[in-house]
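S.K.: A predicted structure for the sequence below; I have some questions about it.
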Amino acid sequence: MDTKETNVLLTLFIGLLLLGNVGSAVAVEGNSNTEDYSGNYTYFNDSVNCKSCPGSEAKIKNVIVLVPDGCSQSVQTLARWYSGNPLMLDEMVAGTVSTYSADSVITDSSSAATAFATGYKTTNGFVSVGPSNASVLSLLESPSEELQYSPLATVIEGAKLEGKATGLVATSRVSHATPAAFASHIDNRDNENEIMEQMVYEGIGVVFGGGYRHLIPEAEGGKRTDGENLTEVLLDRGYQYVDSRDEMENLSSGKTWGLFASSHMAPDIDRGELAPEEPSLAEMTGKAVELLSQDKDGFFLMVEGSQVDWANHANDPAYAVTDFLAFDEAVKVAVEFAEKDGHTLVLAFPDHNTGGMTIGSDSDSNYTSTTVEDVIDPLKGMKLSSAGVATKIGADVSFENIKAQIKAWWGIDATDNDVTEILEIYNDGEGLSLDYAISEVISRNHTVIGWTTHGHCGEDVPLWAYGPDYPAGHIDNTEIAGYIAKELGFGLNETNSCLFVEVGEFFSRDNGDGKRDENEYLLDMTNTSNPVLRIGDAELPVSKNILIKDGVSYELEGIVVYAPVTGKVYIPFEALSLINGTKPNRILRTIETE
């Protein structure tokens with residue numbers, strides 16, 4: 001296939017992509033959701049199409065998105081009572097956000113994050129790839145074959161192509177669901193080794209959080225089964241790498257990864273006792289803003305208060321309220337920067353609710369006489385999360401030790417009946433985890449905080465905003481991505497076309513005759529942990545942004561993505577020129593060949 005023929009096909013292909021993406025029932029670009037995609041249903045029948053708040057003509061240069069994972073307005077109300085002061089978020093109420101996924105009224109974090117990172121609904125458990133057609137909500141059309149499992153460009157990838165600095169901050173492992181959806185493409189959120197590899201090769205400017213175990217191989221104490229040491233890759237690519245608060249605070253410029261825990265970082269309520277060397281969410285946010293704002297072209301930053309969700313899963317009110325207050329401090333850092341800068345949009349919203357927290361419960365029969373002290377006093381005595389208390393209890397689950405540790409760390413005199421309930425729910429590890437059992441029983445018997453579930457909930461969540469031209473009213477989570485892209489000057493459809501070209505559209509599968517022609521491709525699975533796409537004499541390792549040809553390695557604008565279910569492989573548009581021998585992007589290094 002010569003270059004001229006390739007260019008003609010590319011032009012046609014991009015046109016089809018731009019038309020096809022707009023017509024998908026699970027995709028929303030900008031305000032395209034006014035169409036009726038599903039017969040008797042209007043896809044967003046309660047949406048105001050991301051109306052902007054009037055009154056500002058300032059151009060948006062930077063966007064900071066902050067996500068308190070797994071909560072809603074109940075924890076905001078509780079946090080205000082608990083702290084005794086208004087919250088930063090109280091001044092920023094702008095609207096509400098609907099959260100359903102492609103296959104369920106109740107979303108999980110990966111599909112929710114995919115929606116506001118890419119503008120597409122997807123299947124629960126998927127990370128920035130198109131949905132499966134196995135199960136789709138009745139108000140949505142089934143996804144097209146082309147969309148299923150295909151990688152979906154994110155706002156971080158679009159911002160990076162625009163020359164902006166990019167960053168991710170989380171208190172979870174950075175390879176966990178929400179941050180992963182901004183910088184990886186995979187149909188299984190639990191495949192964190194692959195997610196981490198993609199994140200490293202995405203070239204994000206600043207990454208702070210936990211999870212360094214997924215950077216290093218098992219032989220060196222990590223979780224990687226492919227033998228690769230991604231910390232070395234980061235250092236080779238010019239990144240600074242830090243692993244403590246003090247090292248982070250000493251940073252003044254440059255590309256940086258900072259991972260402060262092997263797995264997740266500590267809950268905010270536990271940091272002082274269990275992880276004093278870890279930075280707070282606000283500290284990580286402040287340093288990320290400091291580093292990213294040095295880019296004259298602007299920046300995009302996503303910050304996740306990851307553990308509000310886990311606190312609500314556990315039905316642990318003190319853990320939830322303290323992590324939410326830590327999140328509010330991070331929001332304050334972002335808003336203070338935005339106030340001084342004048343060209344920064346700050347958006348904050350949960351990805352979904354979790355736990356169904358209420359102020360008032362079935363066990364509180366005198367609810368009309370509830371005092372502030374009734375609400376906050378039991379929580380004020382709690383000095384660790386329920387997980388922290390369970391750690392202190394350890395293997396000794398005797399009545400005496402459980403009562404002693406609950407008293408020492410929660411200030412509550414648990415009764416024999418309480419401990420009996422806890423042990424029945426725990427059931428020697430066969431039931432709920434010990435921390436869940438403790439917080440469920442103590443919440444029910446010693447607080448006025450109620451809960452409906454240990455899982456997620458399907459209601460709308462708040463939208464908070466600050467800055468020029470912010471969205472207002474009721475919106476769907478998919479609209480957030482389109483809004484961010486529009487304000488930063490790019491389109492997600494165009495970004496998809498630039499980063500993810502399906503190889504089979506331009507090259508023929510290898511015919512097995514023993515010699516691969518220049519227009520044939522083969523996915524080499526000799527090393528199943530590190531597949532390599534071979535096109536003619538070019539090599540493109542999967543989940544990396546590298547193309548190797550004639551002994552020279554080139555850095556691509558995006559990563560190579562393999563979709564195992566469909567067998568399709570996607571490469572950046574620019575790779576086609578390199579494969580066809582036209583002007584390359586930039587040479588990284590020459591590879592010695594025998």
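M.R.: Received it, and whenever you're ready, just let me know what you need.
S.K.: drop to CA atoms for contacts and neighbour counts, all remaining ones
M.R.: Fine.
S.K.: Asp295 - how many residues pack around it?
M.R.: For Asp295, the number of neighbouring residues by other Cα atoms under 10 Å comes to 13.
S.K.: in which helix or strand would I find it?
M.R.: Taking DSSP states H and E as the definition, Asp295 sits outside all helices and strands.
S.K.: avg pLDDT for the longest strand along the chain?
M.R.: In the chain, with assignment by DSSP state E, the single longest strand is strand 165-173. Per-residue pLDDT values across strand 165-173 average out to 98.
S.K.: and that strand, what does it pack against?
M.R.: With contacts defined as 3 or more Cα pairs under 8 Å, 6 or more residues apart in numbering; DSSP states H and E, the secondary structure elements packing on strand 165-173 are helix 155-161, helix 177-183, strand 206-210, helix 281-292, strand 299-305.
S.K.: would you list the ones you listed in a markdown table and tack on mean pLDDT, distance to Ala266 and mean neighbour count?
M.R.: Below are these laid out as a markdown table (pLDDT from 0 to 100; distance: least, Cα to Cα, whole Å; neighbours: other Cα atoms under 10 Å):
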| stretch | mean pLDDT | distance to Ala266 | mean neighbour count |
| --- | --- | --- | --- |
| helix 155-161 | 98 | 26 | 25 |
| helix 177-183 | 98 | 17 | 29 |
| strand 206-210 | 98 | 9 | 27 |
| helix 281-292 | 98 | 11 | 22 |
| strand 299-305 | 98 | 12 | 27 |
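S.K.: of all these, which one is nearest Lys340?
M.R.: The stretch from those with the least distance to Lys340 (Cα to Cα) is helix 281-292; that distance is 12.5 Å.
S.K.: show me the contact partners of that closest one.
M.R.: Under the criterion Cα atoms under 8 Å, 6 or more residues apart in numbering, residues 165-167, 169-171, 205-208, 248-249, 251-254, 298-299, 301, 303, 305, 326-327, 329-331, 333-334 lie in contact with helix 281-292.
S.K.: how far off strand 165-173 does that helix point, in degrees?
M.R.: For helix 281-292 and strand 165-173, the angle between their directions (axes from the mean of the first three to the mean of the last three Cα atoms, to 10 degrees) works out to 160 degrees.
S.K.: quick one: contacts for Ile535?
M.R.: Here Ile535 is in contact with 507, 516, 518-522, 579 (Cα under 8 Å, 6+ apart).
S.K.: center of this protein - which residue?
M.R.: With the centre of the chain defined as its mean C-alpha position, the nearest residue by Cα atoms, centre = their mean is Thr178, 1.7 Å away.
S.K.: surely Asp103 is within a strand?
M.R.: No. Remark: Asp103 does not belong to a strand; assigned using DSSP: H, G, I helix; E, B strand; the rest coil, it is coil.
S.K.: ok, the contacts of Ile535 vs Asp364, which is closest?
M.R.: Minimum distance to Asp364 across the contacts of Ile535 is 65.3 Å, recorded for Leu522 (Cα to Cα).
S.K.: quick check: buried residues in the helix or strand containing that closest one?
M.R.: Assigning secondary structure by DSSP H and E places Leu522 in strand 520-524. Neighbour counts over strand 520-524 (16 or more other Cα atoms under 10 Å) mark 520-523 as buried.
S.K.: export only the CA atoms of it, formatted as PDB.
M.R.: What follows is strand 520-524 as a C-alpha-only set of coordinates in PDB (Å, rounded to 0.1, in the frame of the first residue of the first chain):
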ATOM      1  CA  GLU A 520       0.500  -7.100   6.600                       C
ATOM      2  CA  TYR A 521       0.300  -7.200  10.400                       C
ATOM      3  CA  LEU A 522       0.600  -9.800  13.100                       C
ATOM      4  CA  LEU A 523       0.100  -9.600  16.900                       C
ATOM      5  CA  ASP A 524       3.000 -11.600  18.300                       C
END
